[in-house]
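Participant: Structure of the sequence below:
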Amino acid sequence: MEHSIFVMCILAVLSIALANPIFQDFSQLKAVENANKVLQLVDQEVLSNHKLGQQSSLPQKIDWREKGYVTNVKDQGQCASCWAFASAATMEGQLFNKTNNLITLSEQNLLDCAKSYNDKGCAGGWMSHAFKYIRDNGIEADGTYPYTATKQECSFNEANSVGTLQNYVKLTKTTEEEILKAVANHGPVGVYVYMSSLFMGYKSGIFEDDSCTETPNHAVTVVGYVNTPQDQYWIIKNSFSKSWGEDGYMRMKMNKNVCGITYRLYYPIV
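Facilitator: This is a model prediction of the structure:
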C-alpha cells in the first residue's frame with residue numbers, strides 16, 4: 001500500500017508539470033524526491049536522550065541568519081539531495097556556535113560517501129544517516145569538496161575535515177511547539193515537508209496550503225520564526241537557489257502543520 005501511494009504521488013506531480021509549464025523546472029526533482037519514498041528508506045535510529053532546554057518565555061522572534069549561523073542559499077539542482085543540504089545547514093550553524101567561524105560545508109561529501117549509511121545519493125536520503133556519517137568520519141568544506149549535483153565515487157580526505165558531531169536529536173511526529181523550542185534554544189533545525197504544487201511555485205508572502213497533506217518528501221532548514229499576536233510563521237531555508245521564493249527562503253504559516261512540518265525534526269549535537 002505504501003509503495004502504491006508514493007508511485008501515485010510521482011504520477012500526480014508529473015501530470016501537474018505537464019499541464020502547467022510553471023512547474024516543469026521542478027518535475028524531475030519532485031519525481032526523484034518521491035522516489036526516495038518508493039525506496040522505503042527506513043530511519044530507525046533511537047531518539048537521542050539530549051533534552052531541549054526549557055525556557056519560561058521563548059523569544060517572539062528569532063532569525064539565526066542575523067546571528068551568523070546561516071550560510072548563503074544553495075542550489076541542489078536536478079538531484080534529490082535535499083537531505084544533504086538540510087544536514088549541512090544544521091551542522092554549519094552548530095559549528096559556528098562552537099567555533100565562531102561560519103564554514104560552508106560539502107553536501108557533495110555526503111552525497112558521495114554516505115552510501116554505507118543507507119543514503120542513496122541523488123535518489124534521496126535521511127538526515128539522521130548523514131549525521132551518523134559525519135559523527136564517524138567528519139565532513140569537508142565545500143571549498144575542498146565542491147558540489148556537482150551528481151553522485152560520484154567518494155573522495156573524502158580526513159585531513160580536510162572541518163568538523164564532526166557527538167550525537168544528534170531526532171523527533172518523530174513532533175509538534176510545532178517542540179520545533180519552536182528547538183529553534184529558539186538550539187539554532188537552525190532540519191525538517192521534512194511535502195512539496196505541493198503551491199510549495200514549488202512559491203514566490204513571496206506567508207505560505208499556507210490546506211491541500212498540502214501528503215507524506216513529507218523534501219528536507220528543508222528552519223532558521224527562525226516570528227510568533228507575535230500579529231504574525232506567526234517559520235523562516236524556511238530551501239535549496240532551490242535564490243531564484244525561488246524570497247531569495248531562496250519561505251515564510252511558512254505557523255501552528256497549522258503546513259505541508260506536514262511536524263513529521264520529523266533533526267539537529268546535531270556538536
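
Participant: quick one, strands of the protein?
Facilitator: Listed in chain order, the strands of the chain (DSSP state E) span 61-63, 139-140, 161-163, 167-172, 189-193, 206-207, 218-227, 232-237, 249-253, 264-269.

Participant: Report the mean per-residue pLDDT for stretch 98-115.
Facilitator: Across stretch 98-115, the average pLDDT comes to 97.

Participant: Put the alpha carbons of it into CSV.
Facilitator: What follows is stretch 98-115, C-alpha atoms only, in CSV (Å, rounded to 0.1, in the frame of the first residue of the first chain):
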residue,chain,number,x,y,z
LYS,A,98,31.1,26.2,18.8
THR,A,99,33.9,28.0,16.9
ASN,A,100,32.5,31.4,15.9
ASN,A,101,33.6,30.5,12.3
LEU,A,102,31.0,30.0,9.6
ILE,A,103,32.1,27.4,7.1
THR,A,104,30.2,26.3,4.1
LEU,A,105,30.1,22.5,4.3
SER,A,106,30.2,20.0,1.5
GLU,A,107,26.9,18.4,0.5
GLN,A,108,28.8,16.5,-2.2
ASN,A,109,30.8,14.8,0.6
LEU,A,110,27.6,13.4,2.0
LEU,A,111,26.1,12.6,-1.4
ASP,A,112,29.2,10.5,-2.4
CYS,A,113,30.2,9.0,0.9
ALA,A,114,27.1,8.2,3.0
LYS,A,115,26.0,5.2,0.8
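
Participant: The strands of the chain into TSV, with extra columns for mean neighbour count?
Facilitator: Glycine gets a C-beta too; all of them are placed from N, C-alpha and C. Below are these laid out as TSV (neighbours: other CB atoms under 10 Å):
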stretch	mean neighbour count
strand 61-63	15
strand 139-140	26
strand 161-163	20
strand 167-172	18
strand 189-193	27
strand 206-207	18
strand 218-227	25
strand 232-237	23
strand 249-253	22
strand 264-269	24
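
Participant: Including distance to Lys115 and mean pLDDT, could these go into CSV?
Facilitator: What follows is the strands of the chain, written out as CSV (distance: least, CB to CB, whole Å; pLDDT from 0 to 100):
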stretch, distance to Lys115, mean pLDDT
strand 61-63, 35, 97
strand 139-140, 15, 98
strand 161-163, 18, 97
strand 167-172, 19, 95
strand 189-193, 20, 98
strand 206-207, 34, 98
strand 218-227, 18, 98
strand 232-237, 26, 98
strand 249-253, 30, 98
strand 264-269, 19, 96
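
Participant: Just tell me which of those strands ends up closest to Ala114.
Facilitator: Between Ala114 and these, the shortest gap by CB to CB is with strand 139-140, which sits at 10.1 Å.

Participant: What strands flank that closest one, and is each parallel or antiparallel?
Facilitator: Looking at strand 139-140 with DSSP bridges, its partner strands are strand 161-163 (antiparallel).

Participant: What lies in contact with the strand it pairs with?
Facilitator: Met91, Leu95, Ile103, Leu105, Ile134, Asn137, Gly138, Ile139, Glu140, Ala141, Val270 (CB atoms under 8 Å, 6 or more residues apart in numbering).

Participant: pLDDT below threshold where in the protein?
Facilitator: Residue ranges of the chain with pLDDT under 70: 1-56.

Participant: on that earlier part again, would you format the strands of the chain as a markdown table with distance to Gln76 included?
Facilitator: Shown next, in a markdown table, are these (distance: least, CB to CB, whole Å):
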| stretch | distance to Gln76 |
| --- | --- |
| strand 61-63 | 23 |
| strand 139-140 | 17 |
| strand 161-163 | 21 |
| strand 167-172 | 21 |
| strand 189-193 | 14 |
| strand 206-207 | 19 |
| strand 218-227 | 10 |
| strand 232-237 | 12 |
| strand 249-253 | 15 |
| strand 264-269 | 17 |
